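[1] Fold the stuff below for me.
(one chain, ligands or ions: 1)
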Amino acid sequence: MDINFIKSHHKLLKRWDYRWTPLSKGYTDKILYINVGSTEIAEKDVPVVMKEKFIGGKGYGLRLLWDATNPDTKWHDPENEIIISSGPVGGITQYSGTGKSLVVSISPQTNSVMDSNVGGFFGPFLKFSGFDAIEIQGKAKNEVIVFIDGINHTVEIIEAPAEAIDSHVLAEQLTEIFADSDSEKRNIGVVSAGSAADHSLIGMLNFSYYDPKRKAIRLKQAGRGGIGTVFRNKKIKALVCKIPGVKGNLNNVVDLELITERGRRFNREMRELDDKQCQMRQVGTAHLMEIMNDHDLLPVMNYKYGSHPDAYRIDSTVWKKNFTQNVPDGCWIGCNMSCCKAVDNFELKTGPYKGNIVTVDGPEYENAAGLGSNCGIFDPWYIVETNFYCDTYGICTITWSTVLAFIMECNQNGILNSERTAGLDLSFGNSLDALELLHRVSRGEDFGKIAGLGVRKMKELFIKNGWGDPVFLNDIAMENKGLEYSQYMSKESLAQQGGFAMTNKGPQHDEAWLIFMDMVNNQIPTFENKAEALHYFPMFRTWFGLVGLCKLPWNDVEPENNATSDEPAKVPEHVDNYVTIYKAVTGRAFDKKRLVEDSERVYNFQRVFNLRRGYGTREHDRQPYRAAGPVTREEYESRAERYDKQLKEIVGFDTAGKTTEEKMKVLRKHREKQYEMLLDAVYQRRGWNHNGVPTIEFLKRIGMDLPEVIEVVKNYQ
Ligand code: SF4
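    I've put the predicted structure just below:
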């Protein structure tokens, strides 16, 4: 569409001039508040106590959302907010993985607090424009764009009816509109959703970044929990931020040379070790495909199995050939891990953009495993095409994969059929009908509307309709807290089961990824070891989301001597890099102990936030049995040797002459008991009571005994 035509339909609703605050030691101490309903735009100061206790990123998001909402606020209420914040380290360019932001909102899927991390330009550009966070509230009457002009220091709310909705078109249009020349395109960051976010609860946000080699706009996703749906429900088409450029020391850090030195050290590791270790620069996280398959951890057919003979058809050798090689693929400036691989010159074969030649961002491991093996589809074309459409329609690929895998298993068991799915044959492996369903989600048509509800709400609907056995549906519906599982098969790793189902927001591996430590390397054999890991790693990983960092450079490539260090799983040398960088940015006294303590405060605040909304107790940490063990006879029998051995050696059950059903029953009882014992051990380690609620004494000890927090937890002591 003609850019001038689009611009001619813009109507300025509000302009607000502000006095620019430059960053000092990583912070501006200012928050940008925008109400798209009333068109109020204002600046707020960050209170000292907020900075001390919540640090930035997710911490700021949680603090602001708590204050803006009440315990009954629904996701579609005007007072629900979307908060985007990077963190004090976010936006430096001398170390890899330093451009992340956290997005926080009340989720349409879980009805509780959601956080989702994302790369791209917007978060750092917002900081350079003078704000540590943006807080968006209200609901616009008509489609609007929010434009933050970090050059002229104005913020505008613009009615914008003519632009596209789908992200790959919209981000291009807006970059074109707001950049005065081609060279300025690198100074624009756009946040958008897509047409499927209009018709589903599983919408996500795309954050754009400019790829100078391809001279193209690319997208990174804040995928989890339906925040794109909230965005579209507020009738926001996009947020746009424009800055004069990225150079020098915009964060005004305390010791730039120290950061640069650590950055050089890390870059040397990447040059020397990445090819031998993970090949992140060649295949991104897709290198995990064959590793997961080899260890029986790849989700296959709705997490029934952990490997498949056809997995080689979608493993990293295939992606290496499909990805464009030898181009810098970082989603933030200066990232040498450069893992955001892309398939270029891809011709779309279905949907509204059929025939278009596009660049597809990914697939990453989660997409290849989820869209592929978990749905019984071993076709790279399908994975790339679906990856593209999920992104541009604004749907989380992880969520969509688990939704589709659940639908396919329901179809296999007669819970769904082509009559109930409006003519679609949603059998495992049917890629064409699977794609058609995705297009129907984007159009809000027939069964597409049901699929867009997500797994939990679909499951509840099927039970209400009398379709299928409720126990079976609960067992195979791979969700916890209303959020779909990400793409790892956790049956043989008790610690990973906890890593998924004990999460604050729902089962996403960013909080705890213990599957290798636990199952493959057997580094945490006892309950005490597992509880310690389920304390340390979620706290440690939370910290990345407070300060603006990407987790991948922490442990995807490890220093050569890491194996001989005291605690190799923690990658001590890289932890030391982060401690050094944080101190060098902020000038604060800091060490690795303080790192965990800072996170612990925010982590517990989020747990209490869930509690405030009626969740956050032991019953909400329950997992579907599919995550813990074999639900069906075919699953048990496919790994009968393993399960029989465990029954004999661990449970002390004589399997001789027993039916599969008898053995499954005993195994289930054992595994469910183990999980309850794990909860007890972890709760105790985390300073929580038997019901999973932080004790007042513990909250005092960690400095999270704010009156409003104590007010909530005192009813659960
Ligand atoms: S490691 Fe990958 S995801 Fe992380 S910042 Fe670098 S390019 Fe982005």
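[2] Local confidence estimate at residue 279?
    With respect to pLDDT, residue 279 has a value of 89.
[3] Quick check, it in contact with residue 288.
    No - using Cβ atoms under 8 Å as the test, residue 279 is too far from residue 288 to be in contact (10.8 Å). For the C-beta atoms, the positions are set from N, CA and C on the backbone; glycine is no exception.
[4] Would you mind grabbing the residues shared as contacts by these two?
    residue 316 (Cβ atoms under 8 Å, 6 or more residues apart in numbering).
[5] Looking only at neighbour counts, state which of those two leads.
    residue 288 (23 against 16; other Cβ atoms under 10 Å).
[6] where's the more buried one relative to residue 560, distance?
    21 Å (Cβ to Cβ, to the nearest Å).
[7] for residue 397, same thing?
    34 Å.
[8] With neighbour numbers in mind, choose between the two.
    It is residue 397, of residue 397 and residue 560, that has more neighbours when counted by other Cβ under 10 Å, with 25 against 12.
[9] In contact with that one, which residues are there?
    Counted by Cβ under 8 Å, 6+ apart, residue 397 has contacts 221, 223, 362, 363, 366, 367, 370, 371, 386, 387, 390, 391.
[10] 10 Å instead?
    Taking Cβ atoms under 10 Å, 6 or more residues apart in numbering, we find residue 397 in contact with 204, 221, 223, 362-364, 366-368, 370-371, 383, 386-387, 389-391, 487.
[11] what does residue 516 give?
    Residue 516 sits next to 291, 292, 295, 297, 488, 493, 496, 523, 569 when contact means Cβ under 10 Å, 6+ apart.
[12] Now secondary structure, neighbour count and distance to residue 172 too, for those residues, in TSV please.
    Formatted as TSV, the contacts of residue 516 follow (DSSP: H, G, I helix; E, B strand; the rest coil; neighbours: other Cβ atoms under 10 Å; distance: Cβ to Cβ, whole Å):
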residue	secondary structure	neighbour count	distance to residue 172
291	helix	16	36
292	helix	24	35
295	coil	17	41
297	coil	24	38
488	coil	25	34
493	coil	25	42
496	helix	27	40
523	coil	16	47
569	helix	18	42
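[13] For whatever residue of the stretch 101-250 of the chain ends up closest to the ligand, report the pLDDT, please.
    The nearest approach of the stretch 101-250 of the chain to the ligand comes at residue 119, 4.4 Å away (Cβ to the nearest ligand atom). At residue 119, the pLDDT value in this model is 96.
[14] which non-adjacent residue is nearest the residue of the stretch 451-600 of the chain found nearest the ligand?
    Residue of the stretch 451-600 of the chain nearest the ligand, by Cβ to the nearest ligand atom: residue 550 (3.2 Å). Of all residues not flanking residue 550 in the chain, residue 97 sits nearest, at 3.2 Å (Cβ to Cβ, 6 or more residues apart in numbering).
[15] Likewise for residue 101?
    Per Cβ to Cβ, 6+ apart, closest to residue 101 is residue 123, 2.8 Å.
[16] What average pLDDT does whichever strand or helix holds that neighbour get?
    Per DSSP states H and E, residue 123 falls inside helix 122-128. The pLDDT scores in helix 122-128 average 98.
[17] can you list the residues of this protein near the ligand?
    The chain comes close to the ligand at residues 96-97, 119, 330-332, 335, 337-340, 550, 552-553, as judged by Cβ under 6 Å from any ligand atom.
[18] for residue 421, what are its contacts?
    By Cβ under 10 Å, 6+ apart, the contact list for residue 421 reads 407, 410, 411, 433, 437, 440, 446, 447, 448, 450, 451.
[19] Return a PyMOL selection command for the buried portion of those.
    Per 16 or more other Cβ atoms under 10 Å, the buried members of these correspond to this PyMOL selection:
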select buried, resi 407+410+411+433+437+440+447+448+450+451
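[20] Just the contacts of residue 421: which are in helices?
    With helices taken from DSSP state H, the overlap with those comprises 407, 410, 411, 433, 437, 440, 446, 447, 448, 450, 451.
[21] Using a markdown table, lay out those together with pLDDT.
    Compiled in a markdown table, those are given as follows (pLDDT from 0 to 100):
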| residue | pLDDT |
| --- | --- |
| 407 | 98 |
| 410 | 98 |
| 411 | 98 |
| 433 | 98 |
| 437 | 98 |
| 440 | 98 |
| 446 | 97 |
| 447 | 98 |
| 448 | 98 |
| 450 | 98 |
| 451 | 98 |
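[22] a markdown table for those, including distance to residue 189?
    Shown next, in a markdown table, are these (distance: Cβ to Cβ, whole Å):
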| residue | distance to residue 189 |
| --- | --- |
| 407 | 35 |
| 410 | 40 |
| 411 | 41 |
| 433 | 37 |
| 437 | 32 |
| 440 | 31 |
| 446 | 36 |
| 447 | 36 |
| 448 | 31 |
| 450 | 35 |
| 451 | 31 |
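[23] of all those residues, which comes closest to residue 197?
    residue 448 (13.0 Å; Cβ to Cβ).
[24] Before I go, just wanted to say thanks for your time.
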